[in-house]
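J.: Provided below for reference: sequence and predicted model.
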Amino acid sequence: VLLCVGDGCRCAVSPAAISDHLRRKHKVQLELRKQVDRYVEGFPFTYDYSTVSLPRDGSAPQPVVEVVDGFQCKHCQQSPYKTQDRSNARKHGNKVHNKKRAADEDLLDSVKLQSWFKGGKERYWVVDDSQQPVQP
């Protein structure tokens with residue numbers, strides 16, 4: 001996964017979008033963006049926020065990527081719902097599991113989360129922040 005570490009980004013950028021990201025977010029000049037484009041042409045993976053592989057839940061944090069406080073649904077079986085927003089977690093419980101007026105502790109686990117992408121494109125995994133970050 002290509003990670004942008006410029007000016008507080010600390011998130012993934014899809015190979016197809018990196019040049020535009022560098023232009024819009026960091027005002028990188030054209031010549032440098034062309035060099036990055038040439039480098040990325042040899043990158044063996046294609047992905048975007050919806051297709052990138054996620055580390056497994058409970059793994060050590062990924063370096064660079066911010067660890068945030070979040071919530072995980074206690075009632076989802078296969079792929080538990082995860083979010084940073086308590087209100088969204090409660091709406092999920094009400095809608096999907098018909099858990100109206102349930103106490104937070106009966107509905108949610110407080111967890112530490114990471115996501116490769118930001119800006120409404122988050123797909124979270126749970127991290128165990130007591131473990132050392134994964135070495136690149």
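T.: Structure's in. What do you need?
J.: I'd like the distance between the residue most central in space within the chain and Val65.
T.: Nearest to the mean C-alpha position of the chain, by CA atoms, centre = their mean, lies Ser115 at 1.2 Å. Per CB to CB, to the nearest Å, Ser115 is found 7 Å from Val65. Bear in mind the C-beta positions are built from the backbone N, C-alpha and C, glycine included.
J.: Wasn't His92 part of a helix?
T.: Yes - applying DSSP: H, G, I helix; E, B strand; the rest coil, one finds His92 inside a helix.
J.: wait, isn't it in contact with Asp85?
T.: No - His92 is beyond contact range of Asp85, at 9.8 Å (criterion: CB atoms under 8 Å).
J.: For the two, work out which one has more neighbours and name it.
T.: Shown here are His92 and Asp85; by other CB atoms under 10 Å, His92 has more neighbours (22 against 11).
J.: residue contacts, that one?
T.: Cys73, Tyr81, Thr83 (CB atoms under 8 Å, 6 or more residues apart in numbering).
J.: Including neighbour count, distance to Lys25 and secondary structure, could these go into TSV?
T.: Shown next, in TSV, are those (neighbours: other CB atoms under 10 Å; distance: CB to CB, whole Å; DSSP: H, G, I helix; E, B strand; the rest coil):
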residue	neighbour count	distance to Lys25	secondary structure
Cys73	21	33	strand
Tyr81	18	29	coil
Thr83	19	24	strand
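J.: No further queries at this time; thank you.
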